[in-house]
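Participant: Need a 3D model of the sequence below.
(one chain, ligands or ions: 1)
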Amino acid sequence: MSGTSSTLRPPSDAVAPVRHPDAPAPGELLGAHYEHCFGCGGGQVHGLRLAARAGEGVRITAEFTVQTAHQGAPGLAHGGVLASALDETLGSLNWLLRTIAVTGRLETDFVRPVPVDTVLHLEAEVTAVAGRKIYSTATGRIGGPDGPVAVRADALFIEVKVDHFVDNGRQEEIQAAMNDPDQIRRARAFEVNP
Ligand SMILES: CCCCCCCCCC(=O)SCCNC(=O)CCNC(=O)[C@H](O)C(C)(C)COP(=O)(O)OP(=O)(O)OC[C@H]1O[C@@H](n2cnc3c(N)ncnc32)[C@H](O)[C@@H]1OP(=O)(O)O
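Facilitator: Model (predicted):
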């Protein structure tokens, strides 16, 4: 069974997404937006280390290999971990819009079980934008990029200012990020009006 709630259907005044002129070129690896991100950072021992690549238009592809630390049932990926992989892939789309945004809503279909050691091949695209609201969709396939769909998701991201993180994050990590010139550079790249 599959279905999407009305909240995730773009309103009639929504427009097509526009790829930012300075977006990474198709085929380019995006790299981690934050070293300690559970989804993409290299600094988390049991993180997903998801590697996302810019596609054409406002599309992303990504790969994530399920590790033993990601199990729910014996030998199978935990559903929350798979939802995280979808969330991270969908979040990566905002690199192509050059917009800072956070997940407001994420609806996930778990279609097939995903065994440990499986490579999940993810694809995502922005479907519409309405003001601060960014509508997107993603699929995760197993057995290869053209294999059967194991998971899929629809999401609504909400554009925020960088202050969202500064005001709400724990001081320790915020301060460390502010002291890291690479992190500041990554954040600035997203600010349309720094
Ligand atoms: C460089 C950075 C790269 C980051 C990549 C990260 C990848 C992973 C992504 C994540 O996991 S982000 C972490 C998980 N998400 C959060 O922690 C977000 C927590 N929620 C919030 O902080 C606020 O609820 C939020 C910023 C999403 C919205 O609060 P606001 O006060 O800014 O928005 P507001 O309430 O004014 O709503 C703006 C519009 O969005 C709609 N909206 C907001 N939240 C919604 C929601 N949850 N569901 C549906 N619609 C929502 C709302 O109805 C409204 O629609 P209209 O403009 O049509 O009136």
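
Participant: Name the SS class of whatever residue of the chain ends up closest to the ligand, please.
Facilitator: Closest contact between the chain and the ligand, by CB to the nearest ligand atom, is at residue 91 (2.5 Å). For glycine as for every other residue, the C-beta is placed from the backbone atoms N, C-alpha and C. At residue 91 the chain is in helix, as set by DSSP: H, G, I helix; E, B strand; the rest coil.

Participant: CA-only coordinates of stretch 127-137, as PDB, when you get a sec.
Facilitator: Written as PDB, here are the backbone C-alpha positions of stretch 127-137 (Å, rounded to 0.1, in the frame of the first residue of the first chain):
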ATOM      1  CA  THR A 127       9.200  18.400  -7.500                       C
ATOM      2  CA  ALA A 128       7.900  21.900  -6.600                       C
ATOM      3  CA  VAL A 129       8.600  25.000  -4.500                       C
ATOM      4  CA  ALA A 130       6.000  27.200  -2.900                       C
ATOM      5  CA  GLY A 131       7.500  30.100  -0.900                       C
ATOM      6  CA  ARG A 132       9.600  28.500   1.900                       C
ATOM      7  CA  LYS A 133       8.200  25.100   1.200                       C
ATOM      8  CA  ILE A 134      10.200  22.600  -0.900                       C
ATOM      9  CA  TYR A 135       8.500  19.400  -2.100                       C
ATOM     10  CA  SER A 136      10.600  16.400  -2.900                       C
ATOM     11  CA  THR A 137      10.500  12.700  -3.500                       C
END
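
Participant: which stretches of the chain form strands?
Facilitator: All strands of the chain, identified by DSSP state E, fall at 51-54, 59-65, 101-110, 119-130, 133-141, 149-159.

Participant: Run the contact check for the first one versus the ligand.
Facilitator: Which is strand 51-54. No. Remark: strand 51-54 sits outside contact range of the ligand, by CB under 6 Å from any ligand atom, the gap being at least 10.0 Å.

Participant: helices or strands up against that strand?
Facilitator: strand 59-65, helix 79-92, helix 94-97 (3 or more CB pairs under 8 Å, 6 or more residues apart in numbering; DSSP states H and E).

Participant: rerun at 6 Å
Facilitator: For strand 51-54, the contact count by 3 or more CB pairs under 6 Å, 6 or more residues apart in numbering; DSSP states H and E identifies strand 59-65 as packing neighbours.
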